[in-house]
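For reference, the sequence and a predicted model appear below.
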Amino acid sequence: MSADPEHMTQYDWFSQARIHETMGDDEKALAAYEESVKIDPQYAKAWFYKARLHYRLGQMALARECARNVLKLKPEWESHVKKNLPKL
């Protein structure tokens, strides 16, 4: 990972988000996922994990919005999204 946030890629931010989420720091994880998709709005994997975290936190409207982005980018992921986010 790049030390300077200005030079971090969407993948660096995604990795940071996963680390924060694993460590239970949901706020930092969401912020890092947001940076990831800000850099690359086509990064479906980041949208999916962001949706999953919002879902786990009970933030259904935000989870739904992220899931819609996933399905626009990767319609073939529909069964995976439905399996992991069943109440959307």
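Structure's in. What do you need?

Now do the phi/psi pair for the residue minimising distance to the centre of the chain.
Note on the chain: the residue nearest the mean C-alpha position is K50, at 2.4 Å, using C-alpha atoms, centre = their mean. Main-chain torsions, K50, degrees, to the nearest 10: phi -70, psi -40.

Would you agree it is in contact with E35?
No - applying C-beta atoms under 8 Å, one finds K50 not in contact with E35, separated by 10.6 Å. Where C-beta positions appear, they are placed from N, C-alpha and C, glycine not excepted.

Now the residue nearest to the centre of the chain: closest residue in space that isn't a chain neighbour?
Distance criterion C-beta to C-beta, 6 or more residues apart in numbering; nearest residue to K50, sequence neighbours excluded, is Y33 at 3.9 Å.

Could you give me the buried positions within the helix or strand harbouring the one you found?
Y33 is part of helix 26-39 when elements are defined by DSSP states H and E. Buried positions in helix 26-39, judged by neighbour count with 16 or more other C-beta atoms under 10 Å: A29, L30, A32, Y33, E35, S36, V37, I39.

From the residues you listed, pick the one nearest H54.
Using C-beta to C-beta, L30 is the member of those that lies nearest H54, at 7.5 Å.

check contacts around that closest one.
Contacts for L30 (C-beta atoms under 8 Å, 6 or more residues apart in numbering) come out as A17, K50, L53, H54.

didn't the last one look like it was pressed against L62?
Yes - between H54 and L62 a contact is recorded at 4.2 Å, counting by C-beta under 8 Å.

Looking at these two, which has the bigger crowd around it?
Neighbours were tallied for H54 and for L62 using other C-beta atoms under 10 Å; the higher tally belongs to H54 (23 against 16).

what residues are up against that one?
L30, M60, L62, A63, C66.

rerun at 7 Å
Counting by C-beta atoms under 7 Å, 6 or more residues apart in numbering, H54 touches L62, A63, C66.
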